[in-house]
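Undergrad: Below are the sequence and a predicted model for it; my questions follow.
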Amino acid sequence: MVSIDLTGRQAVVTGAARGLGKAVALKYAQAGAHVWLGDLREEELKETAEEIRSLGVKCGYSICDVSDYDQFEAMLEAAGDVDILAHVAGIMISSPMLEIKQEEIDRIIRINVNGTDNACRAGLRKMIPRKKGTILITSSVAGRHGHPGHAHYHLTKAADISIMQSAALTGAPHGVTVNAICPGIIRTAIWEHILDHTRKEGETREECWERSIREMIPLGRPQSAEDIADAVLFLTSPLAANITGQALNVCGGMEMN
Ligand SMILES: NC(=O)c1ccc[n+]([C@@H]2O[C@H](COP(=O)([O-])OP(=O)(O)OC[C@H]3O[C@@H](n4cnc5c(N)ncnc54)[C@H](O)[C@@H]3O)[C@@H](O)[C@H]2O)c1
């Protein structure tokens, strides 16, 4: 029987207070890893940490703004020896390309691009001296093409893939792997935000959601947080030891490049 056993490993997960990050953190705990959580939402972080400890592994957390390099590095220091870093935190700003405000552009680049760059640089600095470790960053199928209604979100997710590839080449001689996950459509807070902005006139939010799935996903269903967490677990497990510099779409066939 093949299974993924991470007993005794130390994983760090950002964006772990809710949504995909929380699902990834729980998945690591189910695989036996100790987990350190990072996010800005303290109440939800506490709840996630308690849920994880109830699975029998150790779990601590840092209130960390991932767009601040020093805070990112301090979170990794607090976690101790880090075997796995899964950087999931990110935001979505949905706005037509010619209507988005400059401060919104600055904010989404700071959190999504600088955040991923911080994850790559702080993660590599932590792992290279130990000659082992794996980093996973969260892009999106949005990183594969442009979009007039969410241009700057797509920009940040394309940039994340580029940083990931440079980080993979930097880490490779030292035995550190770096990959990206590109989720499709999962009904987290991010999608509630998109529905508010993409609903056609006279369409309810639910009708808009069902139309999006019907029009966009060949396999005919949205992804669950569990779908994403399973793929993240695989990409950061010993089963993926010879995979680096790759961006994996988990999207029911919605994107094939
Ligand atoms: N939900 C989807 O359909 C989807 C699709 C593709 C990619 N993604 C990506 O997945 C990731 C997680 O999204 P989600 O759907 O779980 O969204 P979410 O809003 O439910 O969770 C995001 C988490 O990131 C945290 N966060 C935001 N800014 C932060 C900061 N500066 N520092 C620390 N934490 C911060 C939030 O507090 C929140 O807990 C994002 O990077 C998103 O772009 C999501």
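TA: Happy to help now that I have it.

Undergrad: who's sitting farthest from the centroid in the chain?
TA: Among the C-alpha atoms of the chain, the one most distant from their mean position (C-alpha atoms, centre = their mean) is that of residue 202, at 33.6 Å.

Undergrad: Quickly note the distance from that one to residue 208.
TA: When distance is defined by C-beta to C-beta, to the nearest Å, residue 202 is 11 Å away from residue 208. Where C-beta positions appear, they are placed from N, C-alpha and C, glycine not excepted.

Undergrad: which residues sit in contact with residue 219?
TA: Taking C-beta atoms under 8 Å, 6 or more residues apart in numbering, we find residue 219 in contact with 252, 253.

Undergrad: Tell me the buried residues in whatever helix or strand residue 119 lives in?
TA: Assigned by DSSP states H and E, residue 119 falls within helix 115-127. Of the residues in helix 115-127, those buried under the neighbour-count criterion (16 or more other C-beta atoms under 10 Å) are 115, 116, 117, 118, 119, 120, 121, 122, 123, 124, 126, 127.

Undergrad: which helices and strands sit right next to it?
TA: Judged by 3 or more C-beta pairs under 8 Å, 6 or more residues apart in numbering; DSSP states H and E, helix 115-127 is in contact with helix 69-79, strand 84-87, strand 133-138, helix 151-171, strand 176-183.

Undergrad: That one: how far from the chain's middle?
TA: Chain-centre distance of helix 115-127: 14 Å, with C-alpha atoms, centre = their mean, to the nearest Å.

Undergrad: If we look just around the ligand, which residues of the stretch 101-250 of the chain are in range?
TA: Applying C-beta under 6 Å from any ligand atom, we find that the stretch 101-250 of the chain lies next to the ligand at 111, 138, 140, 183, 185, 186, 188, 189, 190, 191.

Undergrad: now for these, which pair is the farthest apart?
TA: In those, the most distant members under the criterion C-beta to C-beta are 111 and 185, with 20.6 Å between them.

Undergrad: So for those two, which residue has more residues nearby?
TA: For residue 111 against residue 185, the residue with the higher neighbour count under other C-beta atoms under 10 Å is residue 185, and the figures read 21 against 18.

Undergrad: circling back to that earlier point, and the buried residues of helix 115-127, which is closest to the ligand?
TA: Closest to the ligand out of the buried residues of helix 115-127 is residue 115 (6.1 Å), distances taken as C-beta to the nearest ligand atom.

Undergrad: where does the nearest residue to that closest one once chain neighbours are set aside land in three-state SS?
TA: Computed as C-beta to C-beta, 6 or more residues apart in numbering, the closest residue to residue 115 that is not its neighbour in sequence is residue 66, at 3.9 Å. Of the three states, residue 66 takes coil according to DSSP: H, G, I helix; E, B strand; the rest coil.

Undergrad: Surely residue 66 is in contact with residue 87?
TA: Yes: Residue 66 sits in contact with residue 87 when judged by C-beta atoms under 8 Å, with a separation of 7.0 Å.

Undergrad: Between these two, which contacts overlap?
TA: 14, 15, 115, 119.

Undergrad: In those residues, find the pair that's most separated.
TA: 15 and 119 (10.5 Å).

Undergrad: shared neighbours of the two, which are they?
TA: 66, 87.

Undergrad: Dead centre of the chain: give me the residue that sits there.
TA: residue 88 (2.4 Å).

Undergrad: can you pull the contacts of that residue?
TA: With contacts defined as C-beta under 8 Å, 6+ apart, residue 88 is in contact with 13, 14, 15, 16, 19, 20, 21, 24, 138, 232.
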